[in-house]
Every structure is written in C-alpha cells, then in structure tokens.
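Novice: just the structure for this:
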Amino acid sequence: MAPHPVTQAITDLSAGACGGIACVLSGQPFDTAKVKMQTFPGLYRGFVHCFVSVYKQVGLRGLYQGTTPALIANIAENAVLFMSYGFCQNVVRFVSGLDRCTELR
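Specialist: Residues are numbered from 1 along each chain as shown. The predicted model follows:
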C-alpha cells in the first residue's frame, strides 16, 4: 500500500533536509579553504597549506566558518527539490494511469 501523499511529502522534505545537512557538513571545510585561497591569493602555497594553516590558527571551528547560511540555503533547496521530485513522480503515475504504489522505471 502506498503511503498517504502528505506523509510522502513530509518524508521527502525530511530526506532532502538530511541530504542538505550532510552536504554542508562534509564540504564546508573545503569550501572555506577555497574561499580563503581566492580572497588571499599570495598568503597560501596551496590547498593543503591553507587547510592546515586555518586549522592551526583557529581550529576546527575556523574550517566551519559560514556554515549557518550554507545550512539554511542547502536544507531549503534540497528539501524542496526532493519534495518536487516525489510530486512529479506522482503526476507521471496519475497521467499514465498507474497505481500510486507502482515503481517508475
């Protein structure tokens, strides 16, 4: 039996939010180092030097600077994206005359 559409939408929103969180938390240190290298081009010899320098000067907190705005943006974007994808799948099922629990290929 297919889940209720509202339950499916909430599940899709939650999955998108979790994906956005994971994306930011795994990529933010690298993005911080990239931005620092772009902002101060002569200060660092390379990516590893920048990464290690920031970690030594400020610690782990320094690598996660700017995380809050990135989290807000990515959570919102991925949640809407996942929910829209699920909605579009349901529209395709409806237009095709398929049952709600039919898996699309």
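
Novice: so, low pLDDT: which residues of this structure?
Specialist: In the predicted model of the chain, residues 1-2 satisfy pLDDT under 70.

Novice: what does stretch 79-96 contact?
Specialist: The contact list for stretch 79-96 (Cβ atoms under 8 Å, 6 or more residues apart in numbering) reads 5, 8-9, 12-17, 19-20, 98-100, 102, 104. Glycine gets a C-beta too; all of them are placed from N, C-alpha and C.

Novice: run the chain-centre distance for it.
Specialist: 19 Å (Cα atoms, centre = their mean, to the nearest Å).

Novice: go through that stretch and flag the buried ones.
Specialist: Buried residues in stretch 79-96, counted by 16 or more other Cβ atoms under 10 Å: Ala79, Phe82, Met83, Gly86, Gln89, Asn90, Arg93.

Novice: what of stretch 34-53?
Specialist: Lys36, Met37, Tyr44, Cys50, Phe51, Ser53.
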